[in-house]
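> Coordinates for the following, if possible.
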Amino acid sequence: MFEETNGIIEIDKIFLNEYNYSSNTEILKEKFIESELNGQREKFWFFSGRTKYLYKKQDMNSDDIYAEIVAEEIANVLGIECAEYRLATFKGKPGVVTKNFIKPNEKLVLGAELLSDILNKFALNDNEFKKKYEIDKLEKTKDIHNKLNNLEDMWSIIELYLVEKGYDKKFIKPIMEGMTKKFFFDIITLQGDSHISNWGLIENEKEKTIRFAPLFDNSNMCGLNRISVKKTFDDMIKTLRSNNRNDGKFKKTEEQMYNLLYHPKLLFSVSENDILNIGSKKRKNNLEILDYFLSVSSKEYCDILEYCLDMIEKSNLKKIMLDREIRDDIEIPVEIKNHIINSMTLNMICLREKIENYRMNKGGPNYA
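Numbering: from 1, shown residues only. Purely as a prediction, here's the structure:
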């Protein structure tokens, strides 16, 4: 379907051609539809030919459908595996459709499922486990999931999961490399919705292999899921460009702009210490989290982050989006392209400052 169809994919036409469906009845009652319960928005699975697809309706007051396709394009530039997305409509409503990336004999295990499995086995009877992760201090399962949704805790939890499921421990390193790439991708693209059901592992029980899943559900990129906040940010950019830097209001507006830029907090972070207050959902901002990550990591990871920034700048955000428009025969609204360019450019400048500070503190710009 992706290869044969140009422009925005019209799901109604596919259903009419392949299933003779043109009714206004509830789509979820149709036999060729499989409901998808994960998430809050209307979504469902269907087959076109022999391939399975997921349709997801655009959220109201959101530009999230464009976030999905631009995020995929950036992931491709960085060499990070990502689900394939296309703009689509169903019953006149905009959305996106994504191709199922699960192969025969494989299954997707979401982070929430993985963690629940481990908690069910260890949290009730293993006092050492409960003490290590301070399980008894949290009453809600959601709070436990939020607390442990970080690189440090998931490393040991995934190791436990591999042992419990009979997988070779050799898989832990590539899985954690995949999770680290996701952390870098989230921090570069200003993702704010990588909760524990927005990443997962792909298991093949027959071949006894397990790997980190491709990136998916990147709809919060650059705050595109919140139109009102996006508009305020864009208005501030215009104000700063038209005002004199020496103007007394300039500094205040600039500060407000950066507060908006980093208002979406990383839900998939580095350490449980990134959560300042789990009850009020207070978290450190992205730059504080990156500071800690670099302070406990080797130079290799600093180099990887810098490489990612170099690749995006070399490819040019404007050209990245133009290439996608040409390939899919679509138009991304100009204001959305400008918003992505402005927010990501400002963010990447800040990330480069963090890299420079790391190198100077470790022994100079040529630190090795």
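> what sits against Ile157?
By C-beta atoms under 8 Å, 6 or more residues apart in numbering, the contact set of Ile157 is Leu114, Leu115, Ile118, Leu148. The C-beta positions use only the backbone N, C-alpha and C, and glycine is treated the same way.
> and the longest helix along the chain, what does it pack onto?
The longest helix of the chain (DSSP state H) is helix 334-362. Where contact means 3 or more C-beta pairs under 8 Å, 6 or more residues apart in numbering; DSSP states H and E, helix 334-362 is packed against helix 172-189, helix 227-242, helix 248-261, helix 286-295, helix 299-315, helix 317-328.
> can you rerun that using 10 Å?
helix 64-78, helix 172-189, helix 227-242, helix 248-261, helix 286-295, helix 299-315, helix 317-328 (3 or more C-beta pairs under 10 Å, 6 or more residues apart in numbering; DSSP states H and E).
> remind me which residues of the stretch 51-200 of the chain are low pLDDT?
Within the stretch 51-200 of the chain, the stretches with pLDDT under 70 are 124, 139.
> Which stretches in it count as strands?
Taking DSSP state E, counting those that start in this stretch as the test, the strands found in the stretch 51-200 of the chain are 51-57, 85-90, 93-99, 107-110, 200-204.
> how long is stretch 216-226 from one end to the other?
19 Å (C-alpha to C-alpha, to the nearest Å).
> do stretch 130-144 as well
11 Å.
> Just the buried residues of it, please?
Using 16 or more other C-beta atoms under 10 Å as the test for burial, stretch 130-144 gives Lys130, Tyr133, Ile135, Leu138, Ile144.
> repeat for stretch 267-287
Leu267, Phe268, Ser269, Val270, Glu272, Asp274, Ile275, Ile278, Arg283, Lys284, Asn285, Asn286.
> closest to Lys182 among the contacts of Ile157?
Ranked by distance to Lys182 (C-beta to C-beta), these are led by Leu114 at 14.6 Å.
> Next, the buried residues of stretch 233-251.
Phe233, Asp234, Met236, Ile237, Thr239.
> of the residues you listed, closest to Asp12?
Minimum distance to Asp12 across the buried residues of stretch 233-251 is 33.4 Å, recorded for Asp234 (C-beta to C-beta).
> So what's the residue count around the residue nearest to Tyr21 when sequence neighbours are not counted?
Distances taken as C-beta to C-beta, 6 or more residues apart in numbering place Phe15 nearest to Tyr21, at 4.1 Å, with adjacent residues excluded. When counting by other C-beta atoms under 10 Å, one arrives at 20 neighbours for Phe15.
> same question, the one 3 residues further on
Per other C-beta under 10 Å, the neighbour tally for Glu18 reads 14.
> What's the separation between it and Thr51?
Distance of Glu18 to Thr51, given as C-beta to C-beta, to the nearest Å: 11 Å.
> what sits in contact with each of those two?
Common contact partners of Glu18 and Thr51 (C-beta atoms under 10 Å, 6 or more residues apart in numbering): Met1.
> any idea how far Met236 is from Lys230?
From Lys230 to Met236 the distance is 11 Å (C-beta to C-beta).
> what's the overlap in contacts for these two?
By C-beta under 10 Å, 6+ apart, Lys230 and Met236 have these common neighbours: Leu260.
> quick revisit: which one of the buried residues of stretch 233-251 is nearest Leu305?
Closest to Leu305, out of all of these and judged by C-beta to C-beta, is Phe233, at 23.8 Å.
> Not counting sequence-adjacent ones, nearest residue to that closest one?
The shortest distance from Phe233 to any non-neighbouring residue, by C-beta to C-beta, 6+ apart, is to Leu260 (4.7 Å).
> Between its first and last residues, what's the separation in stretch 238-256?
Using C-alpha to C-alpha, the span of stretch 238-256 from its first residue to its last is 13 Å.
> What lies in contact with that stretch?
Counting by C-beta under 10 Å, 6+ apart, Thr232, Phe233, Asp235, Met236, Ile237, Met257, Asn338, Asn342 sit against stretch 238-256.
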